[in-house]
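Colleague: missing the sequence, but the structure's below:
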DNA sequence: GCGATTAGTTGACTGGATAAACATATTGCT
DNA sequence: AGCAATATGTTTATCCAGTCAACTAATCGC
């Protein structure tokens, strides 16, 4: 029989405390404004007594900090607001990509404590060199963080290709020219952090987008979305209420190699008709009659000027994107699409075509008059680095007991 | 910030007991042979004392039963084996499809206690009539079960189309000609069961396939698989270690309307080039020059005889299926494909083409020499009915405390 | 200044797990 | 047959984390 995943561990009293610490800290970290112990008790349906015990434990550990009492205006003893501690613990988000690498340190509140980005062209460069460079950058960022008395919880690395979760190897990074690279061992050795993870760039960017949405835009994306990270290659991160969908190995989201026109253009990957060949930045630039290295901003500029070949190329890209996304939505029932990276800049010229294809091709939309939300990304620059840092700080948020 | 789903409830002492009852019963229900209290304690990493307490509670509730002592051959006091109680509690699995409806009662051990199938042609028939008929069939099955002193835990209904989880409405069932039908209210009212759920036929069949694999075939599918339910329409159930993937509303798995050739044949759904138009049973029959109502067995027969148009049609179907599945695997990183329903019969003639397309088009397979497993289904007839019954009995398995 | 109100703390109690000793039932050796 | 060895299941004392209810603390409004 046995349908659900079985290897569930039995719980003991300690697990109770551990779980509840997590619940309380998630409430604290997830709230835009500070909460009091009483408020936490109410939200978690605990008694004030236990809420106090839990919060005190978190405060003693330096994970949570009490703030000065604020004037409530109401009767009664004033509450002591608590919030995630600022600057005491940071996650290190690292990224290697084709045209830059960098590291960013983010604290439990999501604030950037330190960062360093190094633009360069890494395509075809030897992994050891590039990773060595990254380790160096990383050390300077860590030094900056420790100067500010922040403890480094761990690091996570974003890579542009399918990579085994959580420790690699990186299976393939076509645009770097890397195949089967063990990224974790050299970096882990160089950094000596208690926690090290590797994940796909698009998945991590999706996570950052989710975080950015949570605090700013109201949650049109609360029930999930697919974040499309468009550059030379195209990846995607699929976000559900539970987290980012990874699949069996962590390779999920390779939308760039979904066949849009099965007998169409030959792709670098060896297949034919892949989405990348129609909606990748180079494909669009080529279709627009521009140089292969034209930046997305320049393409957008050209489109804004009304340049017909550019508009035509963007139209073809939008249709191709719409076809691939319609397949994704039919398969996975994803309620919204977010266009990120280069595609965020090009969104004004492609999102209508994407939406039209979704309306036509998604079975569940077709019957109703409804249409799928297609939105540009709002997360700030280099979201994958932020996302990488977030999966580190997240490990504290979901299980603070591990850090006491 | 807040990346993980937050509305986690705080745990109290009672939750501990509840959780551990679930863990223990999952171990009991999931084990092919009976376990002793001591063995359960070891597997769940509990003390024998608590294992005893938990098992006793389950035994008192009639969920678990002690068996006669078996001779172990080893020294020591002989163990008292316990197993999920047979025939005391059943889940009712219901299904409405184009050419039959039926109900099947399954006990906690997965044994069929009673069933009744009524073949008929329901396409275009009014929902009220068909559901009325189903309610009648269901009552006879329930009567048979209660005659055997089994308590009915609840019922679940399988429908051939996207349906909101867990209570409907059924959004669309093209082959029944139904749109936006509230299936739960009339059936729920007629049956008066404590638990009622609705889900897609393919998702439920996938669940049954998983159960069938667990006990028989070794788990080549342990890390997940996509079950393709091929008939006139084509649906899919995506199984991960955690369960069956549903998406935001429960509509996931509509692979039949993934665009394989975006400018290809017009589909009943209003779009163009849907998989169904190439790999659906009618499409294959038409391509083979056979009547639209030719059964899959007859098509397979024809192919076995070496009939060239049939083989050509099956080749086209296999390629189309492979293209769609390659998209699914690229997006969701699914490690195996199971061909079910009509496609199980046709598997010998399509699986090679499917595998070839996967090899060509799945990025993560392409770099390595590996290939994706493509297997025919092994679950016995009408798996969706079994799957429906299983999601009911599963609710006991995962949370027995709710049934004390 | 005093009641009303709300926040946080304290102490008795309870449920559920652990640990260790004990009772029970078998095998195997002499 | 008798006894040691072994493993299962049960009993008892203890501990831990949460509840409940009472208490203290700090503010507002009159």
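Modeller: Done, it's in. In this text the structure is predicted, and so the values were computed from the model without any measurement. Numbers count the residues shown, from 1 in each chain, chains lettered A, B, ... in the order given.
Colleague: the lengthiest helix in chain A vs helix B:308-332, what angle?
Modeller: Taking DSSP state H as the criterion, chain A has its longest helix at helix A:308-332. For helix A:308-332 against helix B:308-332, the angle by axes from the mean of the first three to the mean of the last three CA atoms, to 10 degrees is 90 degrees.
Colleague: sec struct for residue A:33, please.
Modeller: Secondary structure, DSSP: H, G, I helix; E, B strand; the rest coil: residue A:33 is coil.
Colleague: which residues touch it?
Modeller: If a contact means CB atoms under 8 Å, 6 or more residues apart in numbering or on different chains, then residue A:33 has residue A:81 as its contacts. Heads up, the C-betas are built off the backbone N, CA and C, glycines and all.
Colleague: where does the stretch 1-150 of chain A dip in pLDDT?
Modeller: A:1-7 (pLDDT under 70).
Colleague: re earlier: quick one: check the next helix or strand after the longest helix of chain A for contact with chain B.
Modeller: Toward the C-terminus, helix A:308-332 is succeeded by strand A:336-341 as the next helix or strand (DSSP states H and E). No. Figure legend: strand A:336-341 not in contact with chain B (CB under 8 Å from any CB of the partner chain); closest approach 8.9 Å.
Colleague: sorry, back to before: for the longest helix of chain A, give the mean pLDDT please.
Modeller: Mean pLDDT, computed over helix A:308-332, is 97.
Colleague: hey, where'd the strands end up in the stretch 201-350 of chain A?
Modeller: Using DSSP state E, counting those that start in this stretch, the strands assigned to the stretch 201-350 of chain A run over residues A:225-230, A:234-240, A:243-245, A:336-341.
Colleague: what does the last one contact?
Modeller: Okay, so that is strand A:336-341. Strand A:336-341 is contacted by residues A:202, A:205-206, A:209, A:220-221, A:223-231, A:296, A:325, A:329, A:346-347, A:350-351, A:354, A:358, A:372-377, A:379, A:383 when judged by CB under 8 Å, 6+ apart.
Colleague: list the buried residues in stretch A:36-51.
Modeller: Using 16 or more other CB atoms under 10 Å in any protein chain shown as the test for burial, stretch A:36-51 gives A:36, A:37, A:39, A:40, A:41, A:43, A:44, A:46, A:50, A:51.
Colleague: would a markdown table of the residues you listed with secondary structure and distance to DNA strand C be doable?
Modeller: Compiled in a markdown table, the buried residues of stretch A:36-51 are given as follows (DSSP: H, G, I helix; E, B strand; the rest coil; distance: CB to the nearest atom of the strand, whole Å):
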| residue | secondary structure | distance to DNA strand C |
| --- | --- | --- |
| A:36 | coil | 4 |
| A:37 | helix | 3 |
| A:39 | helix | 6 |
| A:40 | helix | 8 |
| A:41 | helix | 8 |
| A:43 | helix | 12 |
| A:44 | helix | 13 |
| A:46 | coil | 11 |
| A:50 | helix | 9 |
| A:51 | helix | 7 |
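Colleague: possible to save those as JSON lines with distance to residue B:76?
Modeller: Shown next, in JSON lines, are the buried residues of stretch A:36-51 (distance: CB to CB, whole Å):
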{"residue": "A:36", "distance to residue B:76": "57"}
{"residue": "A:37", "distance to residue B:76": "52"}
{"residue": "A:39", "distance to residue B:76": "55"}
{"residue": "A:40", "distance to residue B:76": "50"}
{"residue": "A:41", "distance to residue B:76": "50"}
{"residue": "A:43", "distance to residue B:76": "51"}
{"residue": "A:44", "distance to residue B:76": "46"}
{"residue": "A:46", "distance to residue B:76": "45"}
{"residue": "A:50", "distance to residue B:76": "43"}
{"residue": "A:51", "distance to residue B:76": "48"}
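Colleague: so which of those is the closest to residue A:291?
Modeller: residue A:43 (55.0 Å; CB to CB).
Colleague: could you report the neighbour count for the nearest residue to the closest one once chain neighbours are set aside?
Modeller: Sequence neighbours aside, residue A:27 is the residue nearest to residue A:43 in space, at 5.5 Å (criterion: CB to CB, 6 or more residues apart in numbering or on different chains). Neighbour count of residue A:27, defined by other CB atoms under 10 Å in any protein chain shown: 20.
Colleague: please tell me how far residue A:27 sits from residue A:211.
Modeller: 16 Å (CB to CB, to the nearest Å).
Colleague: with residue A:380 instead?
Modeller: 11 Å.
Colleague: ok, now residue A:316?
Modeller: Taken as CB to CB, the span from residue A:316 to residue A:211 is 33 Å.
Colleague: those two: who's more crowded?
Modeller: The neighbour comparison of residue A:316 against residue A:211 (other CB under 10 Å) goes to residue A:211, with 22 against 17.
Colleague: quick check: that one touching residue A:386?
Modeller: Yes. With contact defined as CB atoms under 8 Å, residue A:211 and residue A:386 form a contacting pair (7.3 Å).
Colleague: related to what we said a few turns ago, give me the angle between the longest helix of chain A and strand B:225-230.
Modeller: Going by the same axes, to 10 degrees, helix A:308-332 makes 90 degrees with strand B:225-230.
Colleague: would you map the helices across the stretch 51-200 of chain A?
Modeller: Using DSSP state H, counting those that start in this stretch, the helices found in the stretch 51-200 of chain A span residues A:127-147, A:184-191.
Colleague: would you turn these into CSV with mean neighbour count and distance to DNA strand C?
Modeller: CSV is the format used below for those (neighbours: other CB atoms under 10 Å in any protein chain shown; distance: least, CB to the nearest atom of the strand, whole Å):
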stretch, mean neighbour count, distance to DNA strand C
helix A:127-147, 17, 30
helix A:184-191, 17, 33
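Colleague: now those helices as a markdown table including distance to residue B:286?
Modeller: Output for the helices of the stretch 51-200 of chain A, formatted as a markdown table (distance: least, CB to CB, whole Å):
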| stretch | distance to residue B:286 |
| --- | --- |
| helix A:127-147 | 53 |
| helix A:184-191 | 53 |
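Colleague: doesn't residue A:101 make contact with residue A:382?
Modeller: No. Residue A:382 lies out of contact with residue A:101 (CB under 8 Å); the separation is 10.5 Å.
Colleague: more neighbours, the two?
Modeller: Under the criterion of other CB under 10 Å, the comparison of residue A:382 against residue A:101 puts residue A:101 first, with 25 against 22.
Colleague: the residue nearest to that one when sequence neighbours are not counted: what's it in contact with?
Modeller: Once flanking residues are discounted, residue A:101 sits nearest to residue A:134: 5.0 Å by CB to CB, 6+ apart. Contacts of residue A:134 were listed using CB under 8 Å, 6+ apart, and they are A:94, A:96, A:101, A:103, A:157, A:187.
Colleague: number of nearby residues for residue A:213?
Modeller: 21.
Colleague: also residue A:297?
Modeller: By other CB under 10 Å, the residues close to residue A:297 number 11.
Colleague: same check, this time on residue A:192
Modeller: Residue A:192: 8 neighbours (other CB under 10 Å).
Colleague: what about it, distance to residue A:92?
Modeller: The value you get for residue A:192 to residue A:92, if CB to CB is used, is 12 Å.
Colleague: for residue A:193, give me its contacts.
Modeller: With CB under 8 Å, 6+ apart, residue A:193 has these contacts: A:92, A:152, A:153, A:154, A:155.
Colleague: rewinding a little: what sits in contact with each of residue A:382 and residue A:101?
Modeller: Shared contacts of residue A:382 and residue A:101 (CB under 8 Å, 6+ apart): A:95, A:117.
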